[in-house]
Structures are given as structure tokens and as C-alpha cells.
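Participant: Provided below are the primary sequence and the corresponding predicted coordinates.
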Amino acid sequence: MDFNALKKEFEDRMEEELAKVNFPAEFIIPGVLGFIGPVLMHNSAMDLDCTFEAYVKLIEKNGETSPEWDLQAMTAALNGIEKTSPKNLDLNLDQYLKVIRNTRTMAAKWNELVKPIEKRVGDEVAAKRSQPGVNGQKVIQMGPRKTGYKGKRGK
């Protein structure tokens, strides 16, 4: 298995794992996720650098008050809010700064939850390096990104 195949497997597995784990409701800051509507109106899945599945989840969650957000949807939501301008969110700069600070507070919790998942998936995928490659050579080790998983582009 070559490096690109391992990388794709890691990213696919991360998407699967993130979809299985909910973001704790007690760490959702009131009002932050209310900006999903404007985020969706001004950004495509490609703009948000998320999968089609994550984008669909955002559409389904738009306007919903349910505290159940899986980590995959939360990735797209938090990144989307930060990628959207204050003008497109209909906020002045002071309001925007408060929203971004709250988004980053939630992102810190997200990172805390994702790190062990990232390590476990990275270790599982990296274990394949000990398997012989096409020509009997070992494959390149693949592990989690040091900067934290941020999602991937649509398939």
C-alpha cells in the first residue's frame, strides 16, 4: 500500500469515526451554531473544505436546536463560521469577534476529543506499514497530522 492510499484510508477512517461521536452538549455555547444558515448561504462544501456528507448534516441541522452534533458536523460548522466574513454573518466587528472567540473555545474542546481518535486511527493505519508493499518493500508510515484533523474535501 503506498503513501497516498494510506493517507486516503486515514482520512476516510477519521470521517467515519468522527461521525460516530457526539460533541458534548454542555460545551455548545448558546448562539454559536445559530450562524449555520448564513454559513450555508455563502459557502459550498468545497469552500468549507468538508465532505458532502458533512455538508448535508449542516443543512439538516440548520435551525435545529438539538444538542446532538457529531464531531464530523461540528468540524464543518466551526470551520464554516470562521471562514465566513462578518458581513456575510450580518455582524459588526465586535459581535464577530465574540462569535469567533466562542467558536475557538468550542474548537479547543473539539481538538481535545479528536486527539485520541486521531492517534488510534493513525496507529491502526500505520500498522499497515509492516505489511509488504507491491515489490516486497515496506510502505511509508502514516500517522495523524500534528496540527489536528480539519476534515477533507468532498469525494
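Facilitator: Looks like it arrived, so ask away.

Participant: can you pull out the helices in this structure?
Facilitator: For the chain, applying DSSP state H gives helices covering 3-20, 36-42, 45-48, 52-61, 71-83, 93-126.

Participant: for Phe27, which of those is the nearest?
Facilitator: helix 93-126 (4.5 Å; C-beta to C-beta). Just so you know, the C-beta spots here come from the backbone N, C-alpha and C atoms, and that holds for glycine as well.

Participant: give me the helices and strands touching that closest one, please.
Facilitator: Judged by 3 or more C-beta pairs under 8 Å, 6 or more residues apart in numbering; DSSP states H and E, helix 93-126 is in contact with helix 3-20, strand 22-23, helix 71-83.

Participant: still on that earlier bit, select, out of the helices of the chain, the one closest to Glu26.
Facilitator: Of all the helices of the chain, helix 93-126 comes closest under C-beta to C-beta, at 9.5 Å.

Participant: quick check: angle from the closest one to helix 71-83?
Facilitator: 140 degrees (axes from the mean of the first three to the mean of the last three C-alpha atoms, to 10 degrees).

Participant: roughly how far does Leu78 sit from Lys7?
Facilitator: 23 Å (C-beta to C-beta, to the nearest Å).

Participant: ok, back up a step: pick the most deeply packed of the helices and strands packed on helix 93-126.
Facilitator: Counting by mean count of other C-beta atoms under 10 Å, helix 71-83 has the highest mean neighbour count of those, with a mean of 23.

Participant: now that helix against helix 3-20, angle please.
Facilitator: Using the same axes, to 10 degrees: helix 71-83 against helix 3-20 is 100 degrees.

Participant: ok, the residue nearest to Asn102 when sequence neighbours are not counted to Met106 distance?
Facilitator: What sits nearest to Asn102 in space, not counting adjacent residues and going by C-beta to C-beta, 6 or more residues apart in numbering, is Ile29, at 4.4 Å. Distance from Ile29 to Met106, counting by C-beta to C-beta: 6 Å.
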